[in-house]
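[1] Quick one, fold the following:
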Amino acid sequence: MRTHSDAAEPLRQGSVIRGTIFYVALALSAVIWALISLPLFLLPLRRRYWWITRWCVIVDWLVRVIGGIRVQVEGLENRPDTHGVVLANHQSAWETLNMVFHFYPQSWVLKRGLLKIPVFGWVLAHLEPIAIDRRDPRAALRQVLEQGKERLASGRWVVVFPEGTRVLPGQRERYQQGGALLACRAGVPVTPVAHNAGEHWPRNGVRMRPGTIYVRIGPPIDTVGRTPASVTQEAQDWIDAHRQDLMR
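    Below you'll find the model as predicted:
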């Protein structure tokens, strides 16, 4: 198993020039797509959701062409037939955008501050994410449970990053139980997802490292008659084991 310093080495070897071009293109595409999307806010949610999330296709193209990064997904056959809660490790901005392709439609649990970003935040708000204030954990948990049940009832996946923040490859954080609690109370399964996106699109800096992002979708975890703690632990054990295996 690689150490934290070993995992960070590929990031130092990434290309600053490649990353700078990528981030400039990313910012320009976000502003242009958001401005184009503003007049569509009067459309029903399903239609505006489809249109706004087409930007994720553009980002995928930028990641592939400019970043030199490919994506390989395993375990698509493990996705439940019904919508539920997705728990994934959090290393990068990549998984927030790419998860749309595999769990559609979805609602993210994210920081409320993101909705304050001019133009981009306004558009993001109209996708109806679960935007929480981390400074008030109790209120944030109530919001996840209340709005999460509404999103699930409307036929959407709820995607939760239980680490609560982006974590460097090779590091490990204790998982929060909010996502599992939502799944247990709603009676829906938890689908664990592991990936190594942070090795190629790191959380800090502008370096991009060409290569392959590996994603592995695990078998759904039944929540009926179980405690959130036991579900969270099973999901973390699965994600941690496969996350380490995906570090190439």
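[2] drop to CA atoms for contacts and neighbour counts, all remaining ones
    Noted.
[3] Who's the closest spatial neighbour of the most centrally placed residue in the chain, skipping the chain neighbours?
    When C-alpha atoms, centre = their mean is applied to the chain, the residue found nearest the centroid is Thr96 (2.9 Å). Excluding its sequence neighbours, the residue lying closest to Thr96 (C-alpha to C-alpha, 6 or more residues apart in numbering) is Trp108, at 7.9 Å.
[4] again, but for Glu95
    Going by C-alpha to C-alpha, 6+ apart, Glu95 has Ala197 as its nearest residue, at 7.1 Å.
[5] OK, contacts around the one you found?
    Applying C-alpha atoms under 8 Å, 6 or more residues apart in numbering to Ala197 gives the contacts Gln91, Ser92, Trp94, Glu95, Ile213, Tyr214.
[6] so the last one touches Gln72, yeah?
    This means Tyr214. Yes: in this structure, Tyr214 is within contact of Gln72 by C-alpha atoms under 8 Å, at 5.0 Å.
[7] Those two - which one has more neighbours?
    Tyr214 (19 against 10; other C-alpha atoms under 10 Å).
[8] Let me see the contact set for that one.
    Listed by C-alpha under 8 Å, 6+ apart, the contact set of Tyr214 reads Val71, Gln72, Val73, Glu74, His195, Asn196, Ala197, Leu246.
[9] Any buried residues in the helix or strand that contains it, and which?
    Secondary structure from DSSP states H and E places Tyr214 in strand 211-217. Residues Thr212, Ile213, Tyr214, Val215, Arg216, Ile217 are the ones in strand 211-217 that count as buried (16 or more other C-alpha atoms under 10 Å).
[10] Determine which two of the residues you listed are furthest apart.
    Using C-alpha to C-alpha, those span at most 16.0 Å, a distance reached by Thr212 and Ile217.
[11] contacting residues for Ala131?
    By C-alpha under 8 Å, 6+ apart, the residues touching Ala131 are Trp108, Val109, Leu110, Lys111, Arg112, Leu115.
[12] Torsion angles phi and psi at it?
    Main-chain torsions, Ala131, degrees, to the nearest 10: phi -90, psi 110.
[13] Look up the closest residue to it, ignoring the ones flanking it.
    Arg112 (4.4 Å).
[14] same question, Gly178
    Leu141 (6.3 Å).
[15] Let me know how buried that neighbour is, in neighbour terms.
    Neighbours of Leu141 under the rule other C-alpha under 10 Å: 20.
[16] which SS state does it fall under?
    Following DSSP: H, G, I helix; E, B strand; the rest coil, the label given to Leu141 is helix.
[17] Just the buried subset of the contacts of Ala131, please.
    Trp108, Val109, Leu110, Lys111, Leu115.
[18] Need these in CSV (columns: secondary structure).
    Supplementary listing: the buried ones among the contacts of Ala131 in CSV, determined by three-state DSSP:
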residue, secondary structure
Trp108, strand
Val109, strand
Leu110, strand
Lys111, strand
Leu115, helix
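[19] which among the residues you listed gets closest to Ala34?
    The nearest member of these to Ala34, counting by C-alpha to C-alpha, is Leu115 at 12.8 Å.
[20] residues touching the closest one, list them.
    Gly121, Trp122, Leu124, Ala125, Ala131.
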